[in-house]
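Student: Okay, structure incoming, though there's no sequence with it:
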């Protein structure tokens with residue numbers, strides 16, 4: 001029979017040490033960068049704070065984290081308002097984009113990773129305030145043409161990149177993907193490799209892209225080995241839902 005101490009330990013909420021989690025992830029990023037000879041590349045940690053309360057974001061900020069990713073616009077706008085005193089936070093939108101949401105995205109975010117069609121890019125450009133710096137964007141690519149996921153196909157990418165790169169008020173930084181899950185490290189690499197190859201081909205054709213947004217808590221090493229410059233980490237920082 002379980003004693004009272006055991007019962008209490010099972011019902012007490014788990015204490016999350018945000019600062020230590022961030023330190024450990026940054027150390028892993030450094031280790032993987034050295035392992036795969038990309039130590040000269042600056043890899044940014046994007047803390048995915050969707051569904052997390054502002055108190056946890058404040059803890060991450062106190063630990064030195066400045067880039068935060070949100071998936072849901074209304075939730076994000078509330079957090080941005082509540083944390084407006086922290087003026088050097090960079091807010092990244094990483095969720096799917098509906099046309100009627102672009103005005104708020106253009107006004108309140110520094111980065112949008114999930115641009116998946118020309119119409120969205122045009123609206124973001126038109127609605128970005130002229131007093132604001134250009135909005136950093138990544139194009140979301142559906143590398144495996146999964147019906148359940150947003151993103152342009154690899155075949156569509158070259159033409160769309162050319163058109164989007166010409167839009168004013170936007171700065172096209174690179175590519176983003178949400179890959180399918182894979183069990184092994186080599187499978188993860190194989191899934192991510194087409195995005196890296198597309199990125200390299202676009203730059204070889206004269207573009208100046210600098211961002212590959214890929215890699216999450218379960219495939220960060222594979223992403224860094226394939227050239228990620230932004231890794232989007234949620235669970236390993238903030239714990240599960």
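Tutor: That came through, no problem. Predicted model only: the values in this text are computed from it and were never measured.

Student: for the helix ranked longest in the chain, packing partners?
Tutor: Ordering each helix of the chain by length in residues (DSSP state H) puts helix 185-204 first. Counting by 3 or more Cβ pairs under 8 Å, 6 or more residues apart in numbering; DSSP states H and E, the packing neighbours recorded for helix 185-204 are helix 157-165, strand 170-176, strand 211-213, helix 220-225. Placement of C-beta: from N, CA and C, glycine included.

Student: any idea which of the ones you listed is most buried?
Tutor: Stretch with highest mean neighbour count among these: strand 211-213 (a mean of 25; mean count of other Cβ atoms under 10 Å).

Student: so what does that strand touch, helix or strand wise?
Tutor: When contacts are defined as 3+ Cβ pairs under 8 Å, 6+ apart, strand 211-213 sits against strand 135-140, strand 170-176, helix 185-204, strand 230-233.

Student: any residues touching the last one, and which ones?
Tutor: What it means is strand 230-233. Strand 230-233 is contacted by residues 25, 29, 43-48, 69, 94, 113, 211-217, 220, 223-224 when judged by Cβ atoms under 8 Å, 6 or more residues apart in numbering.

Student: filter the residues you listed to the buried ones?
Tutor: Buried subset of the contacts of strand 230-233 (neighbour count, 16 or more other Cβ atoms under 10 Å): 25, 29, 43-48, 69, 94, 113, 211-216, 220, 223-224.

Student: returning to that earlier point: now the helices and strands packed on strand 211-213 in a markdown table, with mean pLDDT?
Tutor: Below are the helices and strands packed on strand 211-213 laid out as a markdown table (pLDDT from 0 to 100):
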| stretch | mean pLDDT |
| --- | --- |
| strand 135-140 | 98 |
| strand 170-176 | 98 |
| helix 185-204 | 96 |
| strand 230-233 | 98 |
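
Student: Would you mind giving these as a markdown table with distance to residue 162 added?
Tutor: As requested, those are exported to a markdown table (distance: least, Cβ to Cβ, whole Å):
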| stretch | distance to residue 162 |
| --- | --- |
| strand 135-140 | 11 |
| strand 170-176 | 10 |
| helix 185-204 | 9 |
| strand 230-233 | 23 |
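
Student: Residue 65 is nearest to which of those?
Tutor: strand 230-233 (10.1 Å; Cβ to Cβ).

Student: can you give me the offset of that closest one from its chain's centre?
Tutor: How far strand 230-233 lies from its chain's middle: 5 Å, per Cα atoms, centre = their mean, to the nearest Å.

Student: Repeat that for stretch 226-236.
Tutor: 7 Å.

Student: cool, stretch 82-97 as well?
Tutor: Here the centre of stretch 82-97 is set off from its chain's centre by 12 Å, with Cα atoms, centre = their mean.

Student: what comes into contact with that stretch?
Tutor: Here stretch 82-97 makes contact (Cβ under 8 Å, 6+ apart) with 46, 48, 50, 54, 57-58, 61, 66-73, 76, 80, 105, 108-116, 120, 150, 176, 213, 232.

Student: how big is the angle separating the longest helix of the chain from strand 170-176?
Tutor: 150 degrees (axes from the mean of the first three to the mean of the last three Cα atoms, to 10 degrees).

Student: Mind listing what's buried along helix 185-204?
Tutor: For helix 185-204, by 16+ other Cβ under 10 Å, it's 188-189, 191-192, 194-196, 198-199, 202.

Student: wait, is residue 121 part of a helix?
Tutor: Yes: according to DSSP: H, G, I helix; E, B strand; the rest coil, residue 121 belongs to a helix.

Student: For the most centrally placed residue in the chain, list each beta-bridge partner.
Tutor: Taking Cα atoms, centre = their mean, the centroid of the chain lies closest to residue 232, which sits 4.4 Å from it. Residue 232 forms beta bridges with residue 46, as assigned by DSSP bridges.
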